[in-house]
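Undergrad: just coords:
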């Protein structure tokens, strides 16, 4: 019997999403150069007044890009933290929640956004009814005002407070935030060790399937300092600092993350194109094909031209 070889299955297309930040001019520079490599640009910022709980547009969105879709981020983050009490207050009265959801929808429509990302961090498992009610209300209103896609951003590890399947009853995709394994308030360390990230990504995929996931990865770093607060650094910041202080920036063999430690009292870890390659390729092996980059303007420029780079349209 002759052997018959079936043609290889086509590789699923990969899409990249990028988060813009209006307070950093480097973000605008990246958007101008590379927005045509992004399927989605999250450029709008909708938050809530911490006193009245009314939705507000935090920054004017002046983004002009070739991105296929512009989304708005809807978040309780203001100042330097999330405000989960806002969501608890809104969900305590269906009329108040409905009014806030309608106001968010109006901002989505006026901004001509085709989608929203809901980021309601800081809740606990005791707040599950709050989360589900708010997610449904804001998702329904966004769709009624022209958004075709609604995404719930969720902490990577917290499946009790942010259960995948229940959230997907109201949203199109889940976005596990696979970064800040170590953060500004923790001890120094990698921002996203691939083993750490993939452990939590696999758990989310097992719950709802890879096609419902947008995996969010870091393209920034931190410099922890003994005599000053920890600071966020871009790849270019890190490379420049390493060079000017004659401090080697080397790859940590255990996590694949660039790392430098100085006798002057600082410890720095930063994402680069090679680490992003690893995160994306390992994610693709379990079927994930949508990836988000936090945040534009801080990235290693090489991410736009390497083998896992977003493809220009």
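TA: Arrived safely. Quick caveat, the model's predicted, so the values are computed rather than measured. Residues are numbered from 1 along each chain as shown.

Undergrad: what's the spacing between residue 59 and residue 198?
TA: As judged by C-beta to C-beta, to the nearest Å, residue 59 and residue 198 stand 34 Å apart. Glycine gets a C-beta too; all of them are placed from N, C-alpha and C.

Undergrad: just residue 183 next, same as before
TA: 19 Å.

Undergrad: Have a look at the two and say which one is more surrounded.
TA: Looking at residue 183 and residue 198 with other C-beta atoms under 10 Å, you find the greater number of neighbours at residue 198, namely 21 against 13.

Undergrad: check which helix or strand covers the residue nearest to the more buried one when sequence neighbours are not counted.
TA: Take residue 198 and drop its neighbours on the chain: the residue closest to it by C-beta to C-beta, 6 or more residues apart in numbering is residue 282, 5.4 Å away. Here residue 282 is covered by helix 273-284, with elements defined by DSSP states H and E.

Undergrad: Buried by neighbour count: which residues of that helix qualify?
TA: Burial within helix 273-284, assessed by neighbour count using 16 or more other C-beta atoms under 10 Å, is assigned to 273-280, 282-284.

Undergrad: Just confirm the residue nearest to residue 198 contacts residue 195, I think it does.
TA: No. Here residue 282 does not reach residue 195: they are 9.1 Å apart, not a contact under C-beta atoms under 8 Å.

Undergrad: right, and the helix or strand after the helix holding residue 282?
TA: Of the helices and strands lying after helix 273-284 in sequence (DSSP H and E), the nearest is strand 290-294.

Undergrad: Kindly calculate the angle that that next one makes with helix 273-284.
TA: In terms of direction (axes from the mean of the first three to the mean of the last three C-alpha atoms, to 10 degrees), strand 290-294 departs from helix 273-284 by 150 degrees.

Undergrad: can you tell me the helix or strand for residue 56?
TA: Secondary structure assignment for residue 56, by DSSP H and E: strand 55-57.

Undergrad: Which neighbouring elements make contact with the helix or strand just after that strand?
TA: Tracing the chain C-terminally past strand 55-57 and defining elements by DSSP H and E, one meets strand 69-75 next. With contacts defined as 3 or more C-beta pairs under 8 Å, 6 or more residues apart in numbering; DSSP states H and E, the secondary structure elements packing on strand 69-75 are strand 40-48, helix 94-110, strand 115-119, strand 149-155.

Undergrad: Could you pull out the buried residues of stretch 98-114?
TA: Neighbour-count burial for stretch 98-114 [16+ other C-beta under 10 Å]: 99-105, 107-108, 111, 113-114.
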